[in-house]
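**Student:** model the following, please.
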Amino acid sequence: TTETVAYLGFPKYGQLMMGDKGMEFFSDRNVADNMTFPWNSILRVEGDISRSGKVRRQFYIVLQNQVKIRFSSKNARKILSLFRNQLGDERVVRAPSFLGTFTSAFKRK
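**Tutor:** Okay, the predicted model is just below:
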């Protein structure tokens with residue numbers, strides 16, 4: 001388990017726990033904000049990585065129905081490696097940057 005912030009409108013502070021069946025987010029203040037995600041419901045995990053290769057604090061979980069949930073943690077590098085162990089290398093990817101998506105829209109083909 002590790003301390004994590006889930007951004008669901010307002011930031012929700014809590015604990016992220018990863019197990020053999022899936023991952024769970026437990027809110028520190030409100031039990032109704034707890035979330036459980038089985039491994040087969042996660043399409044991919046996107047890590048926020050700088051151009052220099054440094055892992056930033058934020059990462060995104062993209063579910064099978066294309067819902068994207070943003071999390072933030074001091075231990076993002078360790079969390080992403082645990083996701084890689086459970087999901088595989090092809091499902092843990094670098095998050096697209098805003099500038100990269102903006103410039104790719106205007107490239108000539």
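
**Student:** quick one: mean pLDDT over stretch 30-44.
**Tutor:** Taken as a whole, stretch 30-44 has a mean pLDDT of 93.

**Student:** endpoints of it, how far apart?
**Tutor:** From its first residue to its last, stretch 30-44 covers 27 Å (C-alpha to C-alpha, to the nearest Å).

**Student:** what residues sit buried inside that stretch?
**Tutor:** 33, 35, 37, 42, 44 (16 or more other C-beta atoms under 10 Å). C-beta coordinates here come from the backbone N, C-alpha and C atoms, glycine included.

**Student:** where in the chain is pLDDT low?
**Tutor:** Residues of the chain meeting the criterion pLDDT under 70: 98-109.

**Student:** show me where it has helices.
**Tutor:** 76-87, 98-105 (DSSP state H).

**Student:** using CSV, write out every CA atom in the longest one.
**Tutor:** Spelled out, it's helix 76-87. Taking Å, rounded to 0.1, in the frame of the first residue of the first chain, the C-alpha atoms of helix 76-87 are listed here in CSV:
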residue,chain,number,x,y,z
ALA,A,76,4.9,6.5,-9.0
ARG,A,77,8.0,4.7,-10.3
LYS,A,78,7.5,1.8,-8.0
ILE,A,79,3.7,1.7,-8.7
LEU,A,80,4.3,1.6,-12.5
SER,A,81,6.8,-1.2,-12.1
LEU,A,82,4.2,-3.2,-10.1
PHE,A,83,1.6,-2.5,-12.8
ARG,A,84,4.2,-3.7,-15.4
ASN,A,85,4.6,-7.0,-13.4
GLN,A,86,0.8,-7.6,-13.4
LEU,A,87,-0.3,-6.3,-16.8
